[in-house]
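Sequence plus predicted model, see below.
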Amino acid sequence: MSKKSSVASRFATATILVGVLATSSAQAVTKILYISDRAAHRVLAYDVSDAMAPAFMGEYPNGGYTTWTAIEYDDETKKLFAAVRHGPGLDIEEGAVVTLDVSDPMDFSVQPVLTISNPRYPDVREAHGLAIDESFVYTSWGNLLTNQTITKHAKTGGAPIIDMPVGPVMPNTCPAGAMCIPGGMGIASDGDILHANSANEYIQKFDAETFELTAVGSVVSAETPKLHYAQQVAANPVTGAIQSLSSCRFGCNADPAIPGDPQVGGGVVQYELVGAELINQGYFGDADTDVWPSIQLPGRFPFGMTFDPTNGWLYAGGANDSFSDIAVFDEMGVLQTVFATDVFANGRDGLAFRVIEEGLPGDFNENGKVDAADYVVWRKNNNTNNSLPNDSGLGTPIGSAHFDLWRANFGMMAAGAAAGSNAPVPEPASLVVLGLAGPLLLAARVARRQNT
């Protein structure tokens with residue numbers, strides 16, 4: 001299977017996962033929103049398992065690496081990748097990608113590890129955007145004037161597999177003396193790489209293997225005339241829709257000559273891919289809602305965006321000089337809530353989302369379902385000090401409480417596990433018979449062969 005097919009399959013699986021998670025009531029799911037605080041040089045974590053009641057969990061130290069401009073969570077390595085502009089041992093604007101081991105989501109003492117250095121020093125380039133697929137890290141680098149590039153690295157670092165300038169292929173190449181800053185990155189549902197140019201109006205779509213430019217779109221249209229800058233771009237993991245978080249950098253004032261003309265802070269724009277063009281479809285959801293990031297609210301500057309992969313809900317960040325908050329929209333663009341964060345005003349950049357699916361209680365063999373096989377594991381370990389996974393904290397020694405836990409959850413399945421039956425919970429005696437049946441049948445078969 002090609003990488004693009006694999007990514008497309010993952011997007012399709014995410015759609016199915018929405019319904020499956022809703023029916024797996026015995027499987028606890030924890031959702032974490034990570035926020036990079038550029039002004040305070042840190043990453044914060046919020047428990048958003050209940051999107052309507054987020055709870056602050058803690059913050060990670062920066063290890064001296066400052067200005068965390070983008071973050072992405074990688075479930076395969078259980079690491080948080082962060083693009084930073086400079087840090088210990090780095091030139092003042094050299095830039096790098098560091099990682100945080102967040103395998104224990106409650107350990108906020110872990111230190112960042114330098115993983116990817118600036119691939120073209122001494123060209124002055126800062127790390128700005130990040131995207132991660134199954135095998136690689138894609139990073140955008142640049143400064144205010146020149147050297148805007150994107151790279152492809154292995155997750156473990158090393159030399160770049162591809163390091164390609166993107167300015168020359170822009171439909172609006174940054175002129176001499178103009179700002180030419182790369183922005184956020186994302187993965188499209190077909191596996192292509194998405195890239196936003198935060199100093200102009202365009203978003204781009206690149207082939208992940210060759211970096212060939214496959215499509216271009218603009219944040220400016222008849223429906224979004226006041227937007228100027230593409231800050232972030234990503235694809236909804238459930239719907240597959242490509243969306244950008246865009247701004248009018250310092251706020252676009254209302255035209256007093258036009259009755260009802262709004263002052264624009266920014267907004268989420270949705271696109272339709274038609275050939276080599278990402279066609280601006282206007283604002284995502286209800287653009288008349290008087291809450292960030294709607295076009296109706298002035299003075300708020302958009303920063304990061306990310307999606308809940310279980311339901312396609314969008315988390316978008318906005319800030320001004322006095323506050324910094326997160327707006328949460330459902331997959332149809334309907335505003336669900338807005339909550340304030342402990343991030344310095346105007347200090348947030350990146351957002352990343354993580355889903356932790358905890359094991360099923362009683363699933364002692366960790367196969368995603370609680371069935372007779374787990375009873376066999378319990379029986380083999382009964383009255384021992386051998387610990388069992390998914391024991392809901394019962395610990396050792398193994399005893400009747402573990403059996404009761406298994407019995408209470410018999411028949412439950414994790415998301416993605418094969419469908420099971422609704423058969424009643426077997427009694428221990430019947431399970432013993434079932435356990436003996438296999439060896440007895442095998443012995444009988446061997447005996448028949450010896451007599452023939």
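Alright, I've got the coordinates. Numbering: from 1, shown residues only.

Quick check: which ranges of the stretch 51-200 of the chain have low pLDDT?
89-93, 121-124, 143-147, 166-181, 199 (pLDDT under 70).

Number of residues surrounding Ile132?
22 (other CB atoms under 10 Å). All C-beta atoms are positioned from the backbone trio N, CA, C, and that covers glycine.

separation between it and Arg42?
Ile132 sits 21 Å away from Arg42, going by CB to CB, to the nearest Å.

Asp374: what secondary structure?
Of the three states, Asp374 takes helix according to DSSP: H, G, I helix; E, B strand; the rest coil.

so it touches Asn365, yeah?
Yes. Counting by CB atoms under 8 Å, Asn365 is a contact partner of Asp374 at 5.7 Å.

who's more crowded, these two?
For Asp374 versus Asn365, the count of surrounding residues by other CB under 10 Å is larger for Asp374: 25 against 17.

Show the pLDDT at Gln270.
Note for Gln270: predicted pLDDT of 92.

oh, I was asking about Leu335
pLDDT at Leu335 comes out at 85.

how deep is it tucked in, by neighbour count?
Around Leu335 there are 18 residues (other CB under 10 Å).

go on, Gly275?
8.

same deal with Ala373?
Other residues near Ala373 come to 13 when the count uses other CB under 10 Å.

Just confirm His402 is within a helix.
Yes. Under three-state DSSP, His402 sits within a helix.

And it, how far from Thr396?
Taking CB to CB, one finds His402 at 9 Å from Thr396.

now swap in Ala159 and tell me
Ala159 is 48 Å from Thr396, by CB to CB.

Gly58 is in contact with Phe108, correct?
Yes. Using CB under 8 Å, Phe108 makes contact with Gly58 at a distance of 4.0 Å.

what sits in contact with each of the two?
Ala45 (CB atoms under 8 Å, 6 or more residues apart in numbering).

neighbour-wise, which of those two wins?
More crowded of Phe108 and Gly58, by other CB under 10 Å: Phe108, with 16 against 13.

Which element, helix or strand, includes that one?
Phe108 belongs to no helix or strand when elements are defined using DSSP states H and E.

List the buried residues in stretch 49-60.
51, 54, 57, 59-60 (16 or more other CB atoms under 10 Å).

With just CA atoms, put stretch 196-203 into PDB.
C-alpha atoms of stretch 196-203 as PDB (Å, rounded to 0.1, in the frame of the first residue of the first chain):
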ATOM      1  CA  ALA A 196       0.300  28.200   4.500                       C
ATOM      2  CA  ASN A 197       2.300  31.300   3.800                       C
ATOM      3  CA  SER A 198       1.600  33.600   6.800                       C
ATOM      4  CA  ALA A 199       2.900  36.700   5.000                       C
ATOM      5  CA  ASN A 200       0.600  36.500   2.000                       C
ATOM      6  CA  GLU A 201      -2.700  35.100   1.000                       C
ATOM      7  CA  TYR A 202      -1.900  31.700  -0.400                       C
ATOM      8  CA  ILE A 203      -2.000  28.100   0.700                       C
END
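
Neighbouring strands - and their directions - for the helix or strand hosting Ala83?
Element membership for Ala83 (DSSP H and E) is strand 79-86. Sheet pairing of strand 79-86 (DSSP bridges) gives strand 66-74 (antiparallel), strand 96-101 (antiparallel).

mind putting the ones you listed in CSV, distance to Ser324 included?
Listed next are the strands paired with strand 79-86 as CSV, based on distance: least, CB to CB, whole Å:
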stretch, distance to Ser324
strand 66-74, 14
strand 96-101, 21
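
Met332 is nearest to which of these?
strand 66-74 (24.7 Å; CB to CB).

Pull the residues that contact that closest one.
Counting by CB under 8 Å, 6+ apart, 34, 36-38, 41-43, 62, 79-87, 102, 126-132, 155, 184-185, 304, 349-354 sit against strand 66-74.

Could I get the buried residue list for the strand holding Ala83?
So for strand 79-86, counting by 16+ other CB under 10 Å, buried means 79-86.

Going by distance to Leu245, which of these wins?
Ala83 (16.2 Å).

surely that closest one meets Arg125?
No. Here Ala83 does not reach Arg125: they are 11.1 Å apart, not a contact under CB under 8 Å.

can you list residues touching both of those two?
Gly95.

Just the ones of the buried residues of stretch 49-60 in strands?
57, 59-60 (DSSP state E).

wait, which of the residues you listed is closest to Met413?
Using CB to CB, those come closest to Met413 at Met57, 28.6 Å.

of the strands paired with strand 79-86, which approaches Cys248 most closely?
Smallest distance to Cys248 across the strands paired with strand 79-86 (CB to CB): 20.2 Å, for strand 66-74.

That closest one versus strand 55-60: what angle between them?
Orientation note: strand 66-74 sits at an angle of 120 degrees relative to strand 55-60 (axes from the mean of the first three to the mean of the last three CA atoms, to 10 degrees).

And the strands in the stretch 201-350 of the chain?
Taking DSSP state E, counting those that start in this stretch, the strands of the stretch 201-350 of the chain run over residues 202-206, 213-218, 229-235, 242-252, 264-274, 277-283, 301-307, 314-319, 324-329, 335-340, 348-357.

looking at these, which has the lowest confidence?
Among these, strand 242-252 scores lowest, at a mean of 74.

where in the stretch 301-450 of the chain is pLDDT low?
The low-confidence ranges in the stretch 301-450 of the chain, as defined by pLDDT under 70, are 301, 319-323, 344-348, 414-450.

still on that earlier bit, out of the strands paired with strand 79-86, the one nearest Glu277 is which?
By CB to CB (comparing all of the strands paired with strand 79-86), the closest turns out to be strand 66-74, at 26.0 Å.

if we can go back for a sec, list just the nearest of the ones in strands among the buried residues of stretch 49-60 to Gln281.
Once CB to CB is applied, the member of these that ends up nearest Gln281 is Met57, at 35.8 Å.

For the spatially closest residue to that closest one that is not a sequence neighbour, give me its contacts.
The shortest distance from Met57 to any non-neighbouring residue, by CB to CB, 6 or more residues apart in numbering, is to Ala45 (4.2 Å). Applying CB under 8 Å, 6+ apart to Ala45 gives the contacts 32-35, 56-60, 105, 108.

Repeat that for Val219.
201-203, 227-230, 244, 246, 269, 280 are the contacts of Val219 under CB under 8 Å, 6+ apart.

Can you check the pLDDT for it?
Note on Val219: pLDDT of 88.

how near is it to Gly304?
From Val219 over to Gly304 (counting by CB to CB), the distance is 16 Å.

Please apply the same query to Ala241.
18 Å.

just Met413 next, same as before
35 Å.

Please apply the same query to Val238.
On the measure of CB to CB, Val238 and Gly304 end up 19 Å apart.
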